[in-house]
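S.K.: Could you work out the structure for the sequence below:
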Amino acid sequence: MAKTQLTLPSGLLVTMEGTPDEVIQMTKAIAQFDSEGKAAVKAHVLKASPTKTKTKRTSSGPTGYVIALTNAGYFKTRRTIGETREELEKNGHIYSVNMISTPLVRLVRQKILRRLKEKSGWVYVSSS
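M.R.: Numbering: from 1, shown residues only. Have a look, this model is predicted:
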């Protein structure tokens, strides 16, 4: 995602976040030109990252760590909630299964992960 800040002639600071194409389109739509043809809006890119990342923001705590595992490709193979807890523990993040279940369900609702019922219980896998 790309993140841009615009300073309007009135001094108002506008922050936009989206794909690079979306940010460019919005910047062009907002930009106003003065009599000399110079842009009256100052724009600078704060951060750009590949558009592959499906999450819009980073979080702290168990949610952020589960999202980091997702972005790292951990869920390319089927993983149980217990395996996910153990993986977080290997990285020094100790949480109970109950604290990890909410972020996993939220990622399922956002269609970033899929949840499948197996004989041993629920497993989570990347949806892409």
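S.K.: List the buried residues of the lengthiest helix in the chain.
M.R.: Looking across the chain with DSSP state H, the single longest helix is helix 97-109. Of the residues in helix 97-109, I100, S101, P103, L104, L107 count as buried by neighbour count, 16 or more other CB atoms under 10 Å. All C-beta spots, glycine's among them, are computed from the backbone N, C-alpha and C.
S.K.: cool, stretch 2-22 as well?
M.R.: Result for stretch 2-22 [16+ other CB under 10 Å]: buried residues A2, T4, L6, M16, G18.
S.K.: same check, this time on stretch 69-78
M.R.: Buried, per 16+ other CB under 10 Å, within stretch 69-78: L69, T70, Y74, F75.
S.K.: again with stretch 118-128
M.R.: Here stretch 118-128 shows V123, Y124, S126 as buried, counting by 16+ other CB under 10 Å.
S.K.: from the middle of its chain, how far away would the longest helix of the chain be?
M.R.: Centroid separation for helix 97-109 versus its chain: 15 Å, with CA atoms, centre = their mean, to the nearest Å.
S.K.: Show me what that helix is packed up against.
M.R.: helix 61-71, helix 81-90, strand 113-118, strand 121-126 (3 or more CB pairs under 8 Å, 6 or more residues apart in numbering; DSSP states H and E).
S.K.: any chance of those in CSV, plus mean pLDDT and distance to E22?
M.R.: Output for the helices and strands packed on helix 97-109, formatted as CSV (pLDDT from 0 to 100; distance: least, CB to CB, whole Å):
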stretch, mean pLDDT, distance to E22
helix 61-71, 90, 20
helix 81-90, 94, 32
strand 113-118, 94, 25
strand 121-126, 94, 24
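S.K.: Dump these to TSV, plus distance to G11.
M.R.: Shown next, in TSV, are those (distance: least, CB to CB, whole Å):
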stretch	distance to G11
helix 61-71	34
helix 81-90	45
strand 113-118	43
strand 121-126	44
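S.K.: Among these, single out whichever gets nearest to V23.
M.R.: helix 61-71 (20.7 Å; CB to CB).
S.K.: ok, the closest residue to R106 other than its chain neighbours to M99 distance?
M.R.: Leaving aside its sequence neighbours, R106 sits nearest to T63 (CB to CB, 6 or more residues apart in numbering; 7.3 Å). Distance, T63 to M99, using CB to CB, to the nearest Å: 9 Å.
S.K.: Please consider this matter closed, and thank you.
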